[in-house]
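Asks: I would like to see how this sequence folds:
(chains A, B, C and D)
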2 protein chains.
Amino acid sequence: MTQSHDFLDRAPSLADTLAHRLRQEIAAGRMRPGERLPTEQQISERYGVSRPTVREAIGRLKHDGLVVTRQGAGAFIAEPGALAVFRLDVEDFTNRDEIRNIVELLMAVEATATELAAQRRGEEDLAAIQAQLDAMQAAIDRGEPGVDEDMAFHRAIVDATGNPFFRDLSDFLDRRVRHFIRTARANTARMGGLTQAVQAEHQAIFDMIAKADPVGARRAAETHLRNAAERLSLYFAK
Amino acid sequence: MTQSHDFLDRAPSLADTLAHRLRQEIAAGRMRPGERLPTEQQISERYGVSRPTVREAIGRLKHDGLVVTRQGAGAFIAEPGALAVFRLDVEDFTNRDEIRNIVELLMAVEATATELAAQRRGEEDLAAIQAQLDAMQAAIDRGEPGVDEDMAFHRAIVDATGNPFFRDLSDFLDRRVRHFIRTARANTARMGGLTQAVQAEHQAIFDMIAKADPVGARRAAETHLRNAAERLSLYFAK
DNA sequence: ATTTGCTACTTGTCAGGCAACTTGGTTATC
DNA sequence: GATAACCAAGTTGCCTGACAAGTAGCAAAT
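Replies: Modelled structure (predicted):
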C-alpha cells in the first residue's frame, strides 16, 4: 500500500534533457547575453524533438530567468546581472559532502539570523520564540523527541529578523538536513536522551536574544549549531 | 541599437498565471503532500485552457520540485522535506527594502565565506586571490573603477571555501546588488575616488587570509561589507 | 527623407491523436 | 479458496498540424 518512492529510475523527460543541454550551452558562454536563440522550429529540427517539447524546455529556462521571450520576436538570453531568481539544486541528497556543505551554509545563515534577531526582536517576537521554547519543553516532558517543536523554535528566531530571504533560505536548508537525518535514521539505531542537552542550548540562545545581546546570541547559536553538526556526524560514521 | 528592455508591459502568459494559481493553492494547504492533483484534462476544463497550457504550467511546478509526476499514474504533490531545489525570487529589484535584505544576506554569506577561506585556503587559492588583488590595483593605476576586478576578488575568496553553495549564492547576490548600483548610478552622479579605500580594505582581508586567521578575516570582511553597505546607502538617499 | 502599410517570420495557444505506463479488477489456474 | 496472469480503463509523455497575436524589416507612397 505504502509505495516507497524510488527516485532512482525516474527517466528524465525529453524536455528536461533538452533544457539541461541548452542551459549548458548558455553557461559555457557559447551564447552571449542579449543574443537571440534559434527559433523553436530550428531547435526542434536540430535536436530531433517536436516543437511542444522545445517549448517546454525553453519554458523552464524562461522560468529560471535565463531567457526572455517576446512574442513575434524570439527568445533572448537574459542579462546575467538582471537574474531575478536563484536556484539551489541539491542533486544527490544522500551524498555526504553535499550535506556537509548544506550544513555549513545553514550554520552561516542561522548564526547571523540569531545575531540579527537579538538586535531587532520586538516584544511579540520574543513572546513567539519563548512560546516555542516552552512547547519543546512540554514535548520533552511528554517523552517525545519534539523535532517539530525544535524546528518551530528556529523558525521563530529567523522570523524575528524581519528578512524573508533569511527565513526562506533557512527553512529550506533546515528541511533538507532534517530529511537527511530522517532517512538516515531508518538505517541506524535510534538515538535519544540528547533532547535535554539541545533544550539547554536553546535556552542559552533565548536568553541572549532576550538580553538583546547580538554577540552573545551569535556565540550561543554557533555553539548549538556546532554541537548539532557533531551529533549529525554520527550518521556519517555508517 | 541598444534596446532598453522594458519589463513592465510583459503580459504574463496563460501558463504563467495558471502555474501561479496552482502554486498558491498548494501553498495555501488546500492540497496535502502526497495527494494527487486533478488530471490534466480536469484542470484544462476547470480553468478553460488547453491541455498543452496545463502541461506547461505543471511542468514549471515539477521543475521547482513542488510536484512529482508519474506517467500513467498522475501528478502528486511532493513532500516538502524532499524539496531539492530552492528558489529565491526577487520580484521587484528596484525596491529598496528588498535590496537592503539582499545586502544583509550577502553580508552574512560573504563574512562566513571569508572566515572559512582563511581556515582552508591552499597555496593555489591564496595565489588566485592575490592575483585578483593585483589585477584590481593595476586597474586603479590605470584610472579605471575596476568593478570587474572587484567582483573577481570576492569570487576568488568564496571559491577558496570549497563549498559550491557559498560560491553560487554569493555570486547571485553580488550580481543583484551590482546590477542595482549600475541602474541607480544612471540617475545619480557618478562617484569616484573611493576605489583606493576599497583596495585598502581588500588588502586587509587578504592579509588575514594569508595569515590563516579566521577570526581576523571575518572581522576584516565585516568591516569591508559594512563600509560597502554605507557607500551603497548613498544611492538610497535619492 | 519620412511615413505608411504590407509581408514574412516567430511565439502563444489550441485541437486531436497515439504510445507508454499505471492501476484495479477479472479471469484462469492450481 | 488462494494465487497468478491478464486485460481494460485511465493518465501522462510526446507528436503533428493549424491558427491567432505580435514583431521586424522592406517597399511603396507621400
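Asks: need the contact partners of the helix or strand of chain A with the lowest mean pLDDT.
Replies: Lowest mean confidence among the helices and strands of chain A (mean pLDDT, DSSP states H and E): strand A:85-89, at a mean of 83. The contact list for strand A:85-89 (Cβ atoms under 8 Å, 6 or more residues apart in numbering or on different chains) reads A:63-65, A:172, B:84-90, B:165, B:168-169, B:172-173. Placement of C-beta: from N, CA and C, glycine included.
Asks: next one: stretch A:115-124
Replies: Taking contacts as Cβ under 8 Å, 6+ apart, the residues outside stretch A:115-124 that touch it are A:125, A:129, A:157-158, A:160-163, A:166, A:208-209, A:211-218, A:221, B:104.
Asks: closest point of chain A to DNA strand D, which residue?
Replies: Taking Cβ to the nearest atom of the strand, DNA strand D has its nearest neighbour within chain A at residue A:72, 2.5 Å off.
Asks: looking at the contacts of strand A:85-89, spot the one nearest residue B:22.
Replies: residue A:63 (13.4 Å; Cβ to Cβ).
Asks: show me the contacts for the closest one.
Replies: A:85, B:60, B:63, B:64.
Asks: switch to 10 Å and redo it
Replies: Taking Cβ atoms under 10 Å, 6 or more residues apart in numbering or on different chains, we find residue A:63 in contact with A:19, A:85, A:87, B:15-16, B:19, B:56, B:59-61, B:63-64, B:87.
Asks: got those residues as CSV, with secondary structure columns?
Replies: As requested, the contacts of residue A:63 are exported to CSV (DSSP: H, G, I helix; E, B strand; the rest coil):
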residue, secondary structure
A:19, helix
A:85, strand
A:87, strand
B:15, helix
B:16, helix
B:19, helix
B:56, helix
B:59, helix
B:60, helix
B:61, helix
B:63, helix
B:64, coil
B:87, strand
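Asks: nearest to DNA strand C, of those residues?
Replies: Among the contacts of residue A:63, and counting by Cβ to the nearest atom of the strand, the member closest to DNA strand C is residue B:15, at 4.9 Å.
Asks: list the residues that contact the closest one.
Replies: Counting by Cβ under 10 Å, 6+ apart, residue B:15 touches A:55-56, A:59, A:62-63, B:49, B:52-60.
Asks: redo that, cut-off 8 Å
Replies: Residue B:15 makes contact with A:59, B:53, B:56, B:57, B:60 under the criterion Cβ under 8 Å, 6+ apart.
Asks: number of nearby residues for the residue nearest to residue A:61 when sequence neighbours are not counted?
Replies: Leaving aside its chain neighbours, residue A:61 sits nearest to residue A:67 (4.7 Å; criterion: Cβ to Cβ, 6 or more residues apart in numbering or on different chains). Other residues within reach of residue A:67, judged by other Cβ atoms under 10 Å in any protein chain shown, total 23.
Asks: please apply the same query to the one 4 residues further on.
Replies: Under the neighbour criterion other Cβ under 10 Å, residue A:71 is assigned a count of 7.
Asks: same question, residue A:73
Replies: Look at residue A:73: counted by other Cβ under 10 Å, it has 9 neighbours.
Asks: so which bits of the helix of greatest length in chain A are buried?
Replies: Looking across chain A with DSSP state H, the single longest helix is helix A:96-120. Across helix A:96-120, burial judged by 16 or more other Cβ atoms under 10 Å in any protein chain shown covers A:98-99, A:101-118.
Asks: where exactly do the strands run in chain A?
Replies: Along chain A, the segments classed as strands by DSSP state E run A:67-70, A:74-77, A:85-89.
Asks: can I get these in a markdown table with distance to residue A:183?
Replies: As requested, the strands of chain A are exported to a markdown table (distance: least, Cβ to Cβ, whole Å):
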| stretch | distance to residue A:183 |
| --- | --- |
| strand A:67-70 | 36 |
| strand A:74-77 | 38 |
| strand A:85-89 | 19 |
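Asks: mind saving the C-alpha coords of stretch A:136-156 as PDB?
Replies: What follows is stretch A:136-156 as a C-alpha-only set of coordinates in PDB (Å, rounded to 0.1, in the frame of the first residue of the first chain):
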ATOM      1  CA  MET A 136       9.500  22.000  23.200                       C
ATOM      2  CA  GLN A 137       9.900  21.600  26.900                       C
ATOM      3  CA  ALA A 138       6.400  20.300  27.100                       C
ATOM      4  CA  ALA A 139       7.200  17.800  24.400                       C
ATOM      5  CA  ILE A 140      10.300  16.600  26.200                       C
ATOM      6  CA  ASP A 141       8.300  16.200  29.400                       C
ATOM      7  CA  ARG A 142       5.900  14.000  27.400                       C
ATOM      8  CA  GLY A 143       8.800  11.900  26.400                       C
ATOM      9  CA  GLU A 144       8.700  12.900  22.800                       C
ATOM     10  CA  PRO A 145      11.700  13.900  20.700                       C
ATOM     11  CA  GLY A 146      10.000  17.100  19.700                       C
ATOM     12  CA  VAL A 147      11.500  17.600  16.300                       C
ATOM     13  CA  ASP A 148       8.600  19.700  15.100                       C
ATOM     14  CA  GLU A 149       8.900  22.000  18.100                       C
ATOM     15  CA  ASP A 150      12.700  22.200  17.600                       C
ATOM     16  CA  MET A 151      12.100  23.300  14.000                       C
ATOM     17  CA  ALA A 152       9.400  25.800  15.100                       C
ATOM     18  CA  PHE A 153      11.800  27.300  17.600                       C
ATOM     19  CA  HIS A 154      14.400  28.000  15.000                       C
ATOM     20  CA  ARG A 155      11.700  29.300  12.600                       C
ATOM     21  CA  ALA A 156      10.500  31.800  15.200                       C
END
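Asks: rewinding a little: nearest to DNA strand C among the contacts of strand A:85-89?
Replies: For these, the closest approach to DNA strand C (Cβ to the nearest atom of the strand) belongs to residue A:63, at 11.6 Å.
Asks: any weak-confidence spans in chain A?
Replies: Scanning chain A for pLDDT under 70 picks out the ranges A:1-12, A:81, A:91-94, A:185-194, A:234-238.
Asks: chain center to the least confident helix or strand of chain A: distance?
Replies: 10 Å (Cα atoms, centre = their mean, to the nearest Å).
Asks: repeat for stretch A:33-48
Replies: For stretch A:33-48 - counting by Cα atoms, centre = their mean - the centre lies 33 Å from the chain centre.
Asks: show me what counts as buried in it.
Replies: Counting neighbours by 16+ other Cβ under 10 Å, one finds that the buried residues in stretch A:33-48 are A:37, A:40, A:43, A:44, A:47.
Asks: just the buried members of the contacts of strand A:85-89?
Replies: Neighbour counting with 16+ other Cβ under 10 Å marks A:63-65, A:172, B:84, B:86-88, B:90, B:165, B:169, B:172-173 as buried within those.
Asks: need those residues in a markdown table with distance to residue A:230, can you?
Replies: Shown next, in a markdown table, are the buried ones among the contacts of strand A:85-89 (distance: Cβ to Cβ, whole Å):
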| residue | distance to residue A:230 |
| --- | --- |
| A:63 | 39 |
| A:64 | 36 |
| A:65 | 38 |
| A:172 | 23 |
| B:84 | 26 |
| B:86 | 25 |
| B:87 | 31 |
| B:88 | 29 |
| B:90 | 35 |
| B:165 | 20 |
| B:169 | 25 |
| B:172 | 30 |
| B:173 | 29 |
